[in-house]
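In: all I have is the shape, not the residue letters:
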C-alpha cells in the first residue's frame, strides 16, 4: 500500500473542511493500523473503482460529527444526528472524495467513486488500512483510512 494514495484525500479534506467548517485542520501521524468501526463513531465509506480499487473511510466520533455538521449549517447547533445531519456528513465525505478523485485524475490515475454509505456501528468490525488523522482545532479529529484492494 503506497502512502501517496492517501495524500489527495488528505489535501482535499483540508480544503473542504476549511471551506465548509471555517477551520484550518492540521495533520496527525501517518500509519498502518487495524481500523475498528467502533460504536459511538460515524463512518462514511466511499468506494473506488478504476485504477485504484478499494474504499476510503472517514471516521468521526459522533460529537465531532455534530460539531462539523453544525459548522456546515452556519452555526445551527445539532444535538443529535438526525436525517439532515446524516445527509450533511455523508455529503462531506462525497465532497472530499470527489475533489480527491479529480486530484488523482490530474496525476494520471483514473478513479470513479461510489455514493457515500453511512455507518453507525453497534459492534466493532476490523480492517487493516493506511490511516491519518486530520485534527480540527476546537472540533476534534477526522480519521481518514485508505483500504486499497
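Out: Cool, got the structure. What you see is a predicted model; the values in this text were computed from it and never measured.
In: which stretches of the protein have low pLDDT?
Out: Along the chain, segments meeting pLDDT under 70 span 1-3, 121-127, 149.
In: and the gap between the closest residue to residue 135 other than its chain neighbours and residue 142?
Out: Excluding its sequence neighbours, the residue lying closest to residue 135 (C-beta to C-beta, 6 or more residues apart in numbering) is residue 26, at 4.9 Å. Where C-beta positions appear, they are placed from N, C-alpha and C, glycine not excepted. Residue 26 sits at a distance of 11 Å from residue 142 (criterion: C-beta to C-beta, to the nearest Å).
In: neighbour count: those two, which is higher?
Out: residue 142 (27 against 11; other C-beta atoms under 10 Å).
In: who does the helix or strand where residue 135 lies touch, helix- and strand-wise?
Out: With elements taken from DSSP states H and E, the one containing residue 135 is strand 126-136. If contacts are counted by 3 or more C-beta pairs under 8 Å, 6 or more residues apart in numbering; DSSP states H and E, strand 126-136 sits against helix 7-21, strand 26-27, strand 31-36, strand 140-148.
In: in three-state terms, label the most centrally placed residue in the chain for me.
Out: The centroid of the chain falls nearest to residue 58 when counting by C-alpha atoms, centre = their mean (2.7 Å). Using DSSP: H, G, I helix; E, B strand; the rest coil, the structure places residue 58 in strand.
In: grab the nearest non-local neighbour of it.
Out: residue 44 (4.4 Å).
In: pick the most buried one from the helices and strands packed on strand 126-136.
Out: Greatest average neighbour count among those goes to strand 140-148 (a mean of 21), per mean count of other C-beta atoms under 10 Å.
In: what does that strand rub up against?
Out: 1, 5-6, 9-10, 13, 17, 25, 28, 35, 52-61, 63-64, 67-68, 127-136 (C-beta atoms under 8 Å, 6 or more residues apart in numbering).
In: what strands line up against it, and which way round?
Out: Counting by DSSP bridges, the strands paired with strand 140-148 are strand 54-61 (antiparallel), strand 126-136 (antiparallel).
In: in the helix or strand encompassing residue 96, which residues are buried?
Out: Assigned by DSSP H and E, residue 96 belongs to helix 83-106. Buried residues in helix 83-106, counted by 16 or more other C-beta atoms under 10 Å: 85-86, 88-97, 99-101, 103-104.
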